[in-house]
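Novice: only geometry, no sequence info:
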């Protein structure tokens, strides 16, 4: 696609978006339900959301870069980039948000049979099936490969028993993609398989998880003698670990982005508002020191993201890996929350006051403690850097 | 000894000190040579030092709490405490300073034969022999038990080969107490023996060690086919490790005391002098934050020493062990040095200026980096706390 | 006095451990929270605490108390921090009884202190007006009108005010620090309104507003700003004692978990990085114990450097409890984040205690200023 | 411009690596130190650096330079930091050529810049008067007398002044920042005395004193305080680049050591606590790389937020290089403390660079102020 063709595509796309994206679908996303998540029980929050979804779906633009044969838009990488840029510039919301698009889809494209792709990918594009992820288990946290949820080969089906934890929206999803143990004899990473399970099957149940910060989208998911057809296995039997690893790297990058302070509100503005200036500097000079240190690191972290992107574009292998971003980004976010709370004082500790959105900041601080745990703990990221990047030996 | 007898002893002691301790021996110690270190080549810095040494020696008070049969003062614990208190209150210097008194002596009292005690202890009391310590080796740092300096049993003598590092005043000492390997077959800690070696023996040589902070009292000590009489072995053959452990605990406590800021000069006074106040607070509010944090921890560390002493007196087992003091005390000292340098600015970086005693502070900062290494690294102290106190398992 | 407990204090502490473990374990507080209890604490439990003498520890014997002092009260608060039992011990005893001890008239002391010691009277101290602790920024006014004072203004973060019988209100009679005075206000007074709020730690603190509340001269306290500042110092030390209890409990549970929990086939407590972090927490807690006992001793012995020690204790414990509660969750991993585990309770209570009477930064700043820099 | 080097810069950097490794390894600097060399650097080595164009990188082509810009010069300084080769690159080029570029008259630029590029002229910038960096506290005076200026005062910490041919002196012609001006002083000038000092890093900086030193009007520079502030920003960024080189070298040597050194029968690099500390250092260095390239780019592209980026770079690198030099010694244990190993050189150079043009605290403070708090 030459420059001229790109310009034409960009102009057409923009024109189409401008006339087809309802005004309300260009407003900033406030909460989860501002996105349409699809699924058998998927509901539209309002008429605009429905219209926007249907118009985009008709063009294959719920997943614009997937092949047309799956219902995708069939866009090239450059076209997809242009579409994203134009959507961002107009503020258009994504018409469909799902773990099917962001997580399962890429794995299926890479590891599934043609038959499986033909079955599952179009359902994802159309938002017919809502997926969730079943990896972690209560007794296999950082040591994911130590998982115990088992799938026994019963000849024409697998019999699944065990449980999963930290299933996001497990209570709203229709299907779950799962790591299960199919061989107990061999080395831990071997013997794991990647299985797709219809959550309507008998024996599947979920239980919501309440966090220290309040309600959460997480559930525990239980499997009690659940029969799963053989054809629901993705990839080879006992080779699911490679799929899991592929998806984890993917997830880690998403979480690391948290270190970027996307908020319009800089923390130092909160400081100035609550504490005030004295002789031109923040009246509490102790917090000022911490704040300056924090905002310095925040600014330099953003430069590091920028540099990593530039290095990648230039084809260089920058040392700044996903583990660095995951570790440092989540540390920054936790520090930011603690600082904002310290700067704001006791009024943010009141949990039944609409003026502070019922303790929004305090709960956000509490929720942030999970950042350095989910998607691979900070300790795991440091291990990865030490071993994979610095080449330090195993004990 | 009842209260009345104590009071009498105190009064007598004070009177004796007042009339016998020369005025100049009550001034603050400025440098190493302000103490008499004894030894075959021992020299007195001045006449007062000699007089003071001889008078104290005559009373057995160079080592007042050792038995009279060794030439010590034969004082009871309470008498020794009273003597120390009175010396401290008058500012009297110790009349003799040596590793024989502080390190070898206690080990001999606990592990040596009567014959050995009779030979070596009086020499120490009289300052006739200056001792140094030979533990560390270039390839056995934190892993002291991995030492390689060997003593082969040749029938009527040991043949010693190998080298030691970090021997304090190795070039000034007459004898060295050494850990040597006498059995290469068994487990590391077994097979180590504690040997006393006359440094005048053929084959012993030393080389001074220059540190990043300049000259140092340390030497390397080399043993090249050195013949050591069998009777110089202290304790049982291959059982020297228990003596070493006993002495290390001893040493650790001495080093940990560094965290106490004995200087009259509080760091914040340096700060006020160099940086100045603005609106009543230190003009550089970043350093003020660090300084406050540092001085807070310094103050609380001193309270912790106080509490540990009080708990010990009360017969309680306080959690505050020598490892805590070693670790935290040296960390505080290193932080203090860095802070003082940052507060003082570029003039302290000039190394040929008598006004700053030729870079005294900068060199002290550099020297302090060794605090967290010598006498058991900080890492070793944390390991000890984790395993011995918290009971965390070995890997 | 040496920095160790005497026999009497050791005994008291050990009976407090037994009491809180058997009568007020953390599950009891969880239940109060889950049922959204309107009182916020268990009145019969407080009665038992009173029975054990906890409410009278710092009240003189001639006022119905035991005169055991603040070292003793500090032990109760520390042990209390381990199970987070809710009670008006801080609002009524640590804060209000201390105010009366230091600033009350003879009349006020003789009538009110015995009632605090016997648990019949619950008092709250209404001092904060802003979102951050600031002793001198008092806008609430007390205007003299004949034999009366008229109070106007509002207060926030008044601990346990929803169950208080009386409120000690800090108000201003004139400019300057000498104009800052203390007044006893009955909760039934016309013009007073109380709005209960639910705090992060599931305890209660309320906002109050005063509109032309009429107070008689006899309800003005004898002491003023100087006594109030001493109350703040004492309160900061008492809160530090509770934070010490929280830190120890969260730490000990974490060490146990490190020993039990297996990952990659071995106990996670064998990982050296975690061992070193655990050792550093241990050190911080040992340091924290020292500053708390030192500062409590300073109250009982009337040392002149009380403010300095109060700031050291409150600042250090704020940092220690923050470190330990964060590490406790991190080292527990995902389950540390669930409400089913107890660490949510510890971190929430810790953050509220950190804010109350000035966070670590407030006290570190004050420590520097007290040292002239 | 993207935050990556272009082809030209990559080539330059790789030739600098070859040059410093082969011609100016750390042993060469150790030798200069041990023989107490009166010049403090190797003149023939500097001639080779000039030959390679290093001295002309930031000098315009029409003034005898190559106009490669500060990103290019930054690469040289970074590589230089790895072997600590002593040369007047910072005093004459980074500082003085930048002053002339920004503040020189046309006449001064056309006569002096070519001589800097060709290595024939060594210049020093005399600006500090106090022990801590402070751009506005200038007490050195320049009094106009007819067609001349008379300079009086003294300066400290003047880098390489003992070998300089000319000194650029910051002096005050009147109150306020607009009274702060720059003057070219020949080292032969009557009334000027130079006292060489030996710094911690075994480089040289001198004190100078000026007593009625007469300067002609034509030796006054065109620019004043604003240009000088920009020089300080640029200098801070250049020094940050050298600190980045030091940090990387000390870090890489430490990682190698962790792999080689055995204790308790295993490589010490297998201890998880050390692994995590190594990983954190790695992260700090990656962050440091980003801020240095960003700030260097900002110079070449004339961004308006240069001061902010300069403070970020100088502050961050000050902290990173402190962390890494300290950890390098600690992880090497006892031998890290010996002069035989090279870490003494790295830590000493690092501490001097940290102080020069403002330590991390100065710049963190300035960063906060630039952001309005």
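Specialist: All right, it came through fine. All values derive from a computational prediction rather than experimental measurement.

Novice: so the helix-or-strand element of chain C with minimal mean pLDDT, near chain A or not?
Specialist: Least confident helix or strand, chain C: strand C:262-263 with a mean of 88, by mean pLDDT, DSSP states H and E. Yes. Against chain A, strand C:262-263 shows contacts by CB under 8 Å from any CB of the partner chain at residue C:263. In short, each C-beta sits where N, CA and C put it, glycine included.

Novice: which neighbouring elements make contact with whichever helix or strand comes after that strand?
Specialist: Sequence order places strand C:266-267 as the next helix or strand after strand C:262-263, per DSSP states H and E. Contact partners of strand C:266-267 among helices and strands, from 3 or more CB pairs under 8 Å, 6 or more residues apart in numbering or on different chains; DSSP states H and E: helix C:225-260.

Novice: I'd like to know which elements the helix it packs on is packed against.
Specialist: helix C:70-83, helix C:98-103, strand C:180-186, strand C:266-267, helix C:272-300, helix C:306-332, helix C:343-355.

Novice: quick one: name the residues of chain A near chain B.
Specialist: Residues of chain A lying close to chain B (CB under 8 Å from any CB) are A:278-279, A:281, A:285-286, A:288-290, A:292, A:395.

Novice: would you mind putting those into JSON lines with neighbour count and pLDDT alongside?
Specialist: Listed next are the residues of chain A next to chain B as JSON lines, based on neighbours: other CB atoms under 10 Å in any protein chain shown; pLDDT from 0 to 100:
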{"residue": "A:278", "neighbour count": "12", "pLDDT": "92"}
{"residue": "A:279", "neighbour count": "7", "pLDDT": "90"}
{"residue": "A:281", "neighbour count": "16", "pLDDT": "93"}
{"residue": "A:285", "neighbour count": "23", "pLDDT": "95"}
{"residue": "A:286", "neighbour count": "25", "pLDDT": "97"}
{"residue": "A:288", "neighbour count": "26", "pLDDT": "97"}
{"residue": "A:289", "neighbour count": "25", "pLDDT": "97"}
{"residue": "A:290", "neighbour count": "19", "pLDDT": "97"}
{"residue": "A:292", "neighbour count": "27", "pLDDT": "98"}
{"residue": "A:395", "neighbour count": "14", "pLDDT": "72"}
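
Novice: residue 12 sits in which helix or strand?
Specialist: Reading this off chain A. Using DSSP H and E, residue A:12 falls within helix A:3-20.

Novice: switch to chain C, please.
Specialist: Going by DSSP H and E, residue C:12 is in helix C:7-23.

Novice: return the distance of the helix or strand just after that helix from the chain's centre.
Specialist: Sequence order places helix C:26-34 as the next helix or strand after helix C:7-23, per DSSP H and E. Distance of helix C:26-34 from its chain centroid, counting by CA atoms, centre = their mean, to the nearest Å, is 19 Å.

Novice: residue C:332 and residue C:274, how far apart?
Specialist: According to CB to CB, to the nearest Å, residue C:332 and residue C:274 sit 11 Å apart.

Novice: same question, residue C:108
Specialist: Applying CB to CB, the value for residue C:108 to residue C:274 is 54 Å.

Novice: looking at these two, which is more packed in?
Specialist: For residue C:108 versus residue C:274, the count of surrounding residues by other CB atoms under 10 Å in any protein chain shown is larger for residue C:274: 22 against 19.

Novice: return the residues in contact with residue C:331.
Specialist: Taking CB atoms under 8 Å, 6 or more residues apart in numbering or on different chains, we find residue C:331 in contact with C:254, C:257-258, C:268, C:274, C:277.

Novice: mind running it again at 7 Å?
Specialist: Listed by CB atoms under 7 Å, 6 or more residues apart in numbering or on different chains, the contact partners of residue C:331 are C:254, C:257-258, C:274.

Novice: could you check how far the helix holding residue A:12 is from the centre of its chain?
Specialist: That offset, for helix A:3-20, works out to 29 Å (CA atoms, centre = their mean).

Novice: which residues sit against the host helix or strand of residue C:171?
Specialist: Here residue C:171, judged by DSSP H and E, is contained in strand C:166-172. The contact list for strand C:166-172 (CB under 7 Å, 6+ apart) reads C:96, C:99, C:121, C:123-127, C:138, C:140-142, C:151, C:153, C:155, C:158, C:161, C:179-187, C:208, C:210, C:228.

Novice: closest one to residue C:312 out of the contacts of residue C:331, please.
Specialist: Comparing these against residue C:312 with CB to CB places residue C:254 closest, at 25.3 Å.

Novice: immediately after the longest helix anywhere in chain A, which helix or strand?
Specialist: Secondary structure of chain A read by DSSP state H shows that its longest helix is helix A:285-313. Downstream of helix A:285-313, the first helix or strand assigned by DSSP H and E is helix A:322-344.

Novice: average pLDDT for the helix or strand following that following helix?
Specialist: Once helix A:322-344 ends, the next helix or strand along the chain (criterion: DSSP H and E) is helix A:360-368. Over the span of helix A:360-368, the pLDDT mean works out to 96.

Novice: next: stretch A:56-74.
Specialist: In this model, stretch A:56-74 has a mean pLDDT of 96.

Novice: quick one: buried residues of that stretch?
Specialist: Buried residues in stretch A:56-74, counted by 16 or more other CB atoms under 10 Å in any protein chain shown: A:56-57, A:59-67, A:70-73.

Novice: outline the domain layout of chain A.
Specialist: Using automatic domain parsing, the domains assigned to chain A come out as A:3-97, A:131-239, A:260-388.

Novice: with distance to residue B:30 as added columns, please give those domains in TSV.
Specialist: Listed next are the domains of chain A as TSV, based on distance: least, CB to CB, whole Å:
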stretch	distance to residue B:30
domain A:3-97	70
domain A:131-239	56
domain A:260-388	37
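
Novice: out of those domains, which comes closest to residue C:21?
Specialist: Taking CB to CB, domain A:131-239 is the member of those nearest to residue C:21, at 23.2 Å.

Novice: could you measure the residue of the stretch 101-250 of chain A found nearest chain C against residue A:337, distance?
Specialist: Using CB to the nearest CB, the closest approach of the stretch 101-250 of chain A to chain C is made by residue A:212 at 3.0 Å. From residue A:212 across to residue A:337, the span is 13 Å (CB to CB).

Novice: quick one, what contacts the closest residue to chain B within the stretch 51-200 of chain C?
Specialist: Nearest to chain B, among the residues of the stretch 51-200 of chain C, is residue C:71, at 13.0 Å (CB to the nearest CB). In this structure, residue C:71 makes contact with C:9, C:296-297, C:300, judged by CB under 7 Å, 6+ apart.

Novice: switch the cut-off to 10 Å
Specialist: Residue C:71 is in contact with C:1, C:3, C:5-6, C:8-9, C:12-13, C:57, C:241, C:292-293, C:295-301, counting by CB atoms under 10 Å, 6 or more residues apart in numbering or on different chains.

Novice: which among the residues you listed end up buried?
Specialist: C:3, C:5, C:9, C:12-13, C:57, C:241, C:292-293, C:295-300.

Novice: what sits against residue A:92?
Specialist: The contact partners of residue A:92, by CB under 10 Å, 6+ apart, come to A:17-18, A:20-22, A:25-26, A:52, A:56, A:83-84, A:86.
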